[in-house]
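Undergrad: Based on what follows, work out the 3D shape:
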Amino acid sequence: MREVSERLRSDMRGTRHVLSLIIACSLVLGAFAGCQSTPAESAPAQVDVSAVRSTLDKLYAAFCFEARGNADWDTIRNLSADGAVFVAPISTKKTPRAVGIDEFLNDYHGYVASEAVRNTGLHERILHTRIDVYGSIAHAYVAFEGFVPGLGTVMTRGLDSLQLVKVSGEWRVVSFTTQYASTLTPLPSRFLPPPVRR
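TA: Sure, this is the predicted structure:
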């Protein structure tokens with residue numbers, strides 16, 4: 001009887017040990033499941049980000065012109081969706097106002113035709129982009145510099161906020177807002193390219 005009792009106690013200790021191992025393993029596996037990284041961005045989303053970046057490259061190139069030259073008005077218009085709105089650069093002295101593509105192009109045409117700018121030309125380069133895509137909509141922050149071609153003299157620096165939609169497989173701008181950088185509103189580091197490590 002004593003041997004049976006000892007054997008039962010031994011079996012119970014073994015059972016408790018097995019149960020403890022099972023519980024411990026469950027906790028460890030649960031912790032790993034909670035710490036799993038999110039899946040990598042899907043291939044279609046990566047393709048869309050590249051396509052949005054391509055649209056931005058074409059758009060900013062279209063704003064550029066040489067001395068006595070002109071911006072590429074047709075490309076700017078073609079890369080804008082029907083009903084697209086443009087907000088004049090944000091200023092503390094003006095109330096922001098959105099205008100359609102025709103009024104925007106007329107204003108920009110007047111700027112290009114101004115004597116000081118027409119005599120030097122103007123190029124814009126993209127310093128850095130932050131692009132988010134979800135389905136058929138995208139948002140892009142574009143840090144840019146405007147400079148005199150041939151001289152490299154920086155005339156403007158700022159941040160553009162653009163909303164885009166995919167229309168018949170192509171990305172088109174639906175809204176475009178600019179904030180120029182200044183001593184009061186310097187470009188935040190999060191919108192600039194990371195420093196090059198030497």
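Undergrad: quick one: average pLDDT of the helix or strand where Asn106 lies?
TA: In this structure, Asn106 sits in helix 101-113 according to DSSP states H and E. The pLDDT scores in helix 101-113 average 94.
Undergrad: tell me what that helix is packed against?
TA: Packed against helix 101-113 by the contact rule (3 or more C-beta pairs under 8 Å, 6 or more residues apart in numbering; DSSP states H and E) you find helix 73-78, strand 80-87. Heads up, the C-betas are built off the backbone N, CA and C, glycines and all.
Undergrad: Quick check: chain neighbours aside, which residue is closest to Arg172?
TA: Leaving aside its sequence neighbours, Arg172 sits nearest to Ala81 (C-beta to C-beta, 6 or more residues apart in numbering; 3.8 Å).
Undergrad: Surely that neighbour and Val167 touch.
TA: Yes. Using C-beta atoms under 8 Å, Ala81 makes contact with Val167 at a distance of 5.8 Å.
Undergrad: And the two? Which one has more around it.
TA: Ala81 (18 against 12; other C-beta atoms under 10 Å).
Undergrad: The lengthiest strand in the chain vs strand 80-87, what angle?
TA: Ranked by residue count under DSSP state E, the longest strand found in the chain is strand 154-167. Using axes from the mean of the first three to the mean of the last three C-alpha atoms, to 10 degrees, the inter-axis angle of strand 154-167 relative to strand 80-87 is 140 degrees.
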